[in-house]
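**Q** Could you look at this predicted model? Sequence included:
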2 protein chains.
Amino acid sequence: MQTDTQTDESQPYRAYFRCFRGCHGEYSLYDVIYTCPTCGGLLEVVHDMDALQHKPAEEWRTLIDSRVGTTVWPYGSGVWGMREWVAPDLRDENVVSMYEGNTNLYWAERLGKQIGLSDLWIKLCGNSHTGSFKDLGMTVLVSVVKQMMADGSPVRAVACASTGDTSAALAAYAACAGIPAIIFLPQGKISAAQLVQPVANGAHVLALDTDFDGCMRIVRAVTQDNAIYLANSMNSIRVEGQKTVAIEIVRQFDWEVPDWIVIPVGNLGNISALYKGLKLLMELGITNKMPRLVAAQADKANPFYRSYLKDFAEAEFVTAQPTLATAIQIGAPVSYEKAVQAIRESNGVVEAVSEHELANAAALADLTGMYTCPHTGVALAALFKLVERGEITRDERVVVISTAHGLKFTGFKTGYHEGSLSEVESEYANPPVYLPADAAVVRETIERKLDMHRGMLHV
Amino acid sequence: MQTDTQTDESQPYRAYFRCFRGCHGEYSLYDVIYTCPTCGGLLEVVHDMDALQHKPAEEWRTLIDSRVGTTVWPYGSGVWGMREWVAPDLRDENVVSMYEGNTNLYWAERLGKQIGLSDLWIKLCGNSHTGSFKDLGMTVLVSVVKQMMADGSPVRAVACASTGDTSAALAAYAACAGIPAIIFLPQGKISAAQLVQPVANGAHVLALDTDFDGCMRIVRAVTQDNAIYLANSMNSIRVEGQKTVAIEIVRQFDWEVPDWIVIPVGNLGNISALYKGLKLLMELGITNKMPRLVAAQADKANPFYRSYLKDFAEAEFVTAQPTLATAIQIGAPVSYEKAVQAIRESNGVVEAVSEHELANAAALADLTGMYTCPHTGVALAALFKLVERGEITRDERVVVISTAHGLKFTGFKTGYHEGSLSEVESEYANPPVYLPADAAVVRETIERKLDMHRGMLHV
């Protein structure tokens, strides 16, 4: 008897929410639930590993490989090409995908040489629909909501409180699906430019006359009837999409695990997701090694680094100071416990860098053809430190996660090259040169520049 | 005897420059030559069709399909996955690729319904390394230059005169290859924000105290010794990369040809490239039909449209007026003759649209999850006109080429939603709503917004 419309292929698998701390209880991915009803802690998605392990590793590899770039919906998406590991009972017609994932794993040959690494790679997650890695999680969240609504849930809209990549991704995926999106914000902290993506994508942007805490109070009040699904960082469904970036990196090395993965962290959901993806590969017998994970923070917002220095004896929360790396300006990270597990079980490292270091690291990378956002600058600057002190050695394979496209940070780029960023000395500033319309002068200038360039090429 | 290092697979094929108008003479792709020495007209790359036709169509399809998403260098790139059709004697070690191509062919289901089309697709070329379709051509040009330099050419640098996508792509690919890039510009027409991509990628940006014509005079003077290779729009090598987008679209429909392809045009190189790619597929027996091509112009810069209205009796050149679609603000298009062929032989159409039309078309598309640049707005507005007058009918399959990422046009987006764009009435403006921190008021506002939204969903 045919009781549902899901594809035959995904039928043997199932996934559900469970408390990350281990409290009793299982909850459907299609329930409106964000935290453990018992302890208030984070949930996590648990997959039926017995069912998944029934398929041999070699078959999984072949299956996932076969879907890359396919024209068969929805497998051309890097996320939905691994749907059995993400949200197995999500039906085809509810997938809201914009071909996320399968981004360039860029061999940073020139940058690597300059810092003494022969095998340095940058995962360019920002070359995506909304310009950041948030697309990977949002395709899952909005698809789940679409299925909830199709199956009669009271949910009528999705919402979040963010001025950045999260609201951009939520608004775009919701618009694609025709689901209303609501962005809650405290007044006075928003500019049109910051919000232009969700505004353009038709989100209902509500600026409330209060601060962030006041916002959250209102949000809780107006969502009590479960009509609005919160896409905030408490929500663990997005991790299922975000974890695919780790799996994708391994696949792009023909299923070989790199030695290190470096990622900029704020709320700590992304490093938890990396670990979850890598762990899954080991549990399925596809890999037999965990890369060492590096969580990179800005000095201005370094609670996780402080906890790390004390061996995670307790969670350190700080008041985050303004930093160029705006998306990780977070003092009380939501996914702290999950991230501690990720660092501990991967023999990982936490590092922190100054404004000066992150801006110059980004600029140095740009000189080799990238277009680096400040958060990627944080990850690169942390990498430089680990290489300098010999913790990462020259033949190790290192992947740096670039979380967003530099096009989202024009002010950061122009400020750097104009030399106007606070606490930053722009070591690689490259302003335009003004010349008279005189062929001889122009020719001489070019000669001088090309001679300089030749010198640079040898580093 | 091994006389070169090219791969076995590409050995049977060759390509060379020839005069587009048919003058006698063949020139190597690795010569520093931009126009026909006899007539001064454009060159075009000619492939040895006998050799290419020797392989059956089915084998070509299988070969190209097999390379999509592969980890074997450089075939994971959408351009280099068809290298035999692009630059067959380009050696692996000289390929400068950033995984260009294979962009999302997005099924615009919601937008299509709103305008009465059931099979509307948007090719999102801006979801790429530098954020525009120019990457497709630049990977070829910079790779060719790298091979020239490896083989002892006097070329030492690449150059162009552009404030936009071309200089961004040239600078990024040159930086990746470690080849110096020079951007020539007239002073007073440049802002840091316009130029921030080439500045960040380390290009030598020279602002000359003259106008554009004066710039070109100086450029010609300083490039007489062939030490600087010009990546300007006269250069026909870029077309070989750009044409792959047409082939890729057909491949993404499992080698089925759509009925229409709509593209915004200025210098007319891109529509020439589309036609060239589609023609190649027919010559190889892979397809048996040419889609109808639509060239979309802004009213403010519509020379090709004017020529079209006179059945191309002669080239009409105009003084282009300022338009929101800055990249196609061109009055004397370089690739006029090639584009006339493309329109004539595809039974094509040329259409032109106002500032008001292009801005509102872009905004309407954004409401369905895209993030549309003004040039894509031009193409969409032209499409709306063709549908309205019944030239495109409801069941035809239509592809619109989106040439750049909206993230490059934050000013356009914010201006639109603030209602401050000249000659534009913002029909879909969606500014933030300011509310007191009162749960009842917020709840009521959300209710009203969601009711509105429900109404919208039915169109």
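**A** Thanks, I have it. Numbering: from 1, shown residues only, chains lettered A, B, ... in the order given.
**Q** now the helix or strand residue A:293 falls within: mean pLDDT?
**A** Assigned by DSSP states H and E, residue A:293 belongs to strand A:292-298. Per-residue pLDDT values across strand A:292-298 average out to 98.
**Q** before we move on, what about stretch A:212-222?
**A** pLDDT averaged over stretch A:212-222 gives 85.
**Q** Repeat that for stretch A:253-264.
**A** Rounded mean pLDDT across stretch A:253-264 is 98.
**Q** Any residue of that stretch touching chain B?
**A** Yes. Using CB under 8 Å from any CB of the partner chain, we find that stretch A:253-264 touches chain B at A:253-254. Backbone N, C-alpha and C define where each C-beta goes, glycine included.
**Q** Any buried residues in that stretch, and which?
**A** By neighbour count on 16 or more other CB atoms under 10 Å in any protein chain shown, the buried set for stretch A:253-264 is A:255, A:257-258, A:260-264.
**Q** And stretch A:243-256, by the same measure?
**A** For stretch A:243-256, the buried set under the neighbour-count rule, 16+ other CB under 10 Å, comprises A:243-252, A:255.
**Q** how close does the closest residue to chain B within the stretch 301-450 of chain A get to residue A:243?
**A** Using CB to the nearest CB, the single residue of the stretch 301-450 of chain A nearest to chain B is residue A:369, 3.1 Å away. Residue A:369 sits 28 Å away from residue A:243, going by CB to CB, to the nearest Å.
**Q** which helices and strands sit right next to the strand or helix carrying residue A:245?
**A** If you go by DSSP H and E, residue A:245 is part of helix A:244-252. On a contact count with 3 or more CB pairs under 8 Å, 6 or more residues apart in numbering or on different chains; DSSP states H and E, helix A:244-252 meets helix A:57-67, strand A:105-107, strand A:120-124, helix A:269-283.
**Q** sorry, back to before: now the strand holding residue A:293: how far from the chain's centre is it?
**A** 13 Å (CA atoms, centre = their mean, to the nearest Å).
**Q** Next: stretch A:155-163.
**A** Using CA atoms, centre = their mean, the offset of stretch A:155-163 from its chain centre is 19 Å.
**Q** near chain B, anything from stretch A:435-447?
**A** Yes. Applying CB under 8 Å from any CB, one finds stretch A:435-447 in contact with chain B at A:435-439, A:442-443, A:445-446.
**Q** can you list the residues you listed in a markdown table and add secondary structure?
**A** Below are the residues of stretch A:435-447 next to chain B laid out as a markdown table (DSSP: H, G, I helix; E, B strand; the rest coil):
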| residue | secondary structure |
| --- | --- |
| A:435 | strand |
| A:436 | coil |
| A:437 | coil |
| A:438 | coil |
| A:439 | helix |
| A:442 | helix |
| A:443 | helix |
| A:445 | helix |
| A:446 | helix |
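**Q** and these, which are buried?
**A** A:435, A:437, A:442-443, A:445-446.
**Q** quick one: residue A:434 is in a strand?
**A** Yes. Using three-state DSSP, the secondary structure at residue A:434 is a strand.
**Q** and the gap between it and residue A:441?
**A** According to CB to CB, residue A:434 and residue A:441 sit 11 Å apart.
**Q** Show me whatever sits in contact with both of those two.
**A** Residues touching both residue A:434 and residue A:441 (CB atoms under 8 Å, 6 or more residues apart in numbering or on different chains): none.
**Q** Read off the pLDDT value for the spatially closest residue to residue A:412 that is not a sequence neighbour.
**A** Distances taken as CB to CB, 6 or more residues apart in numbering or on different chains put residue A:374 closest to residue A:412, at 5.4 Å, once the chain neighbours are dropped. Each residue has a pLDDT score; the one for residue A:374 is 97.
**Q** number of nearby residues for residue A:374?
**A** 28 (other CB atoms under 10 Å in any protein chain shown).
**Q** now residue A:45
**A** Neighbours of residue A:45 (other CB under 10 Å): 19.
**Q** If it is in a bridge, with which residues?
**A** residue A:17 (DSSP bridges).
**Q** Tell me which stretches of the stretch 1-150 of chain A form helices.
**A** Assigned by DSSP state H, counting those that start in this stretch, the helices in the stretch 1-150 of chain A fall at A:49-53, A:57-67, A:109-115, A:134-150.
**Q** Nearest approach to chain B belongs to which of these?
**A** helix A:109-115 (5.8 Å).
**Q** Quick one: list the elements packing against that closest one.
**A** Against helix A:109-115 (3+ CB pairs under 8 Å, 6+ apart) you get strand A:120-124, helix A:355-366, helix A:374-388.
**Q** Give me the distance between it and the centre of its chain.
**A** Chain-centre distance of helix A:109-115: 24 Å, with CA atoms, centre = their mean.
**Q** what do you get for stretch A:375-394?
**A** 19 Å.
**Q** go on, stretch A:270-290?
**A** Mean-position distance between stretch A:270-290 and its chain equals 16 Å (CA atoms, centre = their mean).
**Q** same check, this time on stretch A:404-416
**A** The answer for stretch A:404-416 is 18 Å, by CA atoms, centre = their mean.
**Q** What parts of the stretch 251-400 of chain A come near chain B?
**A** A:251-254, A:363, A:366-371.
**Q** Farthest pair within those residues?
**A** Farthest pair in these (CB to CB) is A:254 and A:363. Separation: 32.6 Å.
**Q** Residue A:380 reaches residue A:362, doesn't it?
**A** Yes. Between residue A:380 and residue A:362 there is a contact under CB atoms under 8 Å: 6.7 Å.
**Q** what residues do these two have in common as contacts?
**A** By CB under 8 Å, 6+ apart, the residues touching both residue A:380 and residue A:362 are residue A:372.
**Q** re earlier: contacts for the next helix or strand after the strand holding residue A:293, please.
**A** Where DSSP H and E defines the elements, the next helix or strand beyond strand A:292-298 is helix A:303-309. Here helix A:303-309 makes contact (CB under 8 Å, 6+ apart) with A:265, A:268, A:295, A:297, A:313-318, A:320, A:330-333, A:336, A:339-340, A:343, A:349-352.
**Q** Buried subset of those residues, written for ChimeraX?
**A** Of these, the buried ones go into a single ChimeraX selection, burial set by 16+ other CB under 10 Å:
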select /A:265,268,295,297,316,320,330,333,336,339,340,343,349,350,351,352
